[in-house]
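[1] Provided below for reference: sequence and predicted model.
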Amino acid sequence: MARPKIYVCRPLPEKALALLRGRTEMRLWEQNEIPPPREVLLREVADIDGLLSLLTDRVDGELLDRAPRLRVVSNYAVGFDNIDVPAATQHGVVVTNTPGVLTETVADFAMTLILATARRVVEADKYTRANLWRSWEPMLFLGQDVHGATLGLIGLGRIGSAVARRARGFNMRILYHDVIRREDLEGELGIEYRPFEEVLREADFVSVHVPLMPETRHLIGREQLKMMKRTAVLVNTARGPIVDTLALAEALREGWIWAAGLDVFEKEPIEPDHPLLALDNVIVVPHIASASIETRTKMAVMAAENLLAVLEGRRPPNPVNPEVLAGGRP
């Protein structure tokens, strides 16, 4: 019996690739640094049964129309804003993702950005490496205290609540806003629900943990940034377009807020002439919040297992549009 054909859009940890090699006829885009160009992806999907995609790979109606045999798109990410899920459902294609496995690692990194921005770690590192340090100075690189400060969480899903658990260790007062109020977690974690604007006004640190949807695009823009304290820090490890980055650059330059730590951007990679890159009071890193060896390996294996399950006639562990599994379409 012929093995199903699949296309994998980037080199992954070997443990996942070994799973796929043994049970599929796999083609792999072998460049780490760049995703497959659009024309390559449109060509490669013509005869495949499964696609293992990344956030950099746009799966839309055009692509689905070019892939008559496609049965599953397994996204190597929790988010799936790169995939037109209604179009996939219309085509009878199962979409899967990798939730849960990266929660703790991303929460670790959100706290890393909170601490690094508060204590100006990157600025101080650059200063030391540039041989500018002359002596201990009372006013050198003064930062903000994290312990005892107020943390505002925008979104209290898996990652937001994991950040809250870490913040308790710093004796932080924790406020949150979410479209779903979580009274169970309020009691368990000792956190307080507030309207969105109140969280922005009261928090010393605002950490973003909502999915990217039409209603969350530019959720934080000029108006919201002006609500925040002048000593506040904004951290985003969710999705770049949730924050208007041009407005953020203005806020940091004009002193509306104190600093920011960003793992994600409206356009990735960030443009080399983006005004954020000219500022010292922002930490910018290349979408690495889940980038521990263990977590990225677990994500890859989960994505491989999702893909194989559909191709082998089993229910995948993490379907995004489970109605397709029951034969339902709009």
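    That came through, no problem. Because the structure is a prediction, the values reported are computed rather than measured.

[2] Surely residue 218 forms part of a strand?
    No. Assignment of residue 218 by DSSP: H, G, I helix; E, B strand; the rest coil gives coil, placing it outside any strand.

[3] contacting residues for it?
    Residue 218 is in contact with 241, 242, 243, 244, counting by C-beta atoms under 8 Å, 6 or more residues apart in numbering. C-beta here means a position set from N, CA and C on the backbone, and glycine is covered the same way.

[4] mind putting the residues you listed in JSON lines, neighbour count included?
    Rendered in JSON lines, the data for the contacts of residue 218 read as follows (neighbours: other C-beta atoms under 10 Å):
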{"residue": "241", "neighbour count": "17"}
{"residue": "242", "neighbour count": "24"}
{"residue": "243", "neighbour count": "26"}
{"residue": "244", "neighbour count": "20"}
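
[5] ok, the residues you listed vs residue 283, which is closest?
    Distance to residue 283 across these (C-beta to C-beta) is lowest for residue 243, with 13.9 Å.

[6] For burial, what's the neighbour tally of the closest residue to that closest one other than its chain neighbours?
    Nearest-residue entry for residue 243: residue 220, 4.7 Å, with adjacent residues in sequence omitted and distances by C-beta to C-beta, 6 or more residues apart in numbering. Residue 220: 25 surrounding residues under other C-beta atoms under 10 Å.

[7] My understanding was that residue 220 contacts residue 245; is that so?
    No. The pair residue 220 and residue 245 does not pass the contact test of C-beta atoms under 8 Å, sitting 9.9 Å apart.

[8] what residue ranges in the protein are flagged as low confidence?
    Filtered on pLDDT under 70, the chain yields the residue ranges 328-330.

[9] Check the gap between the residue positioned nearest the centre of it and residue 160 for me.
    The centroid of the chain falls nearest to residue 238 when counting by C-alpha atoms, centre = their mean (4.0 Å). Going from residue 238 to residue 160 by C-beta to C-beta, to the nearest Å gives 9 Å.

[10] cool, residue 269 as well?
    As for residue 269, its distance to residue 160 is 26 Å (criterion: C-beta to C-beta).
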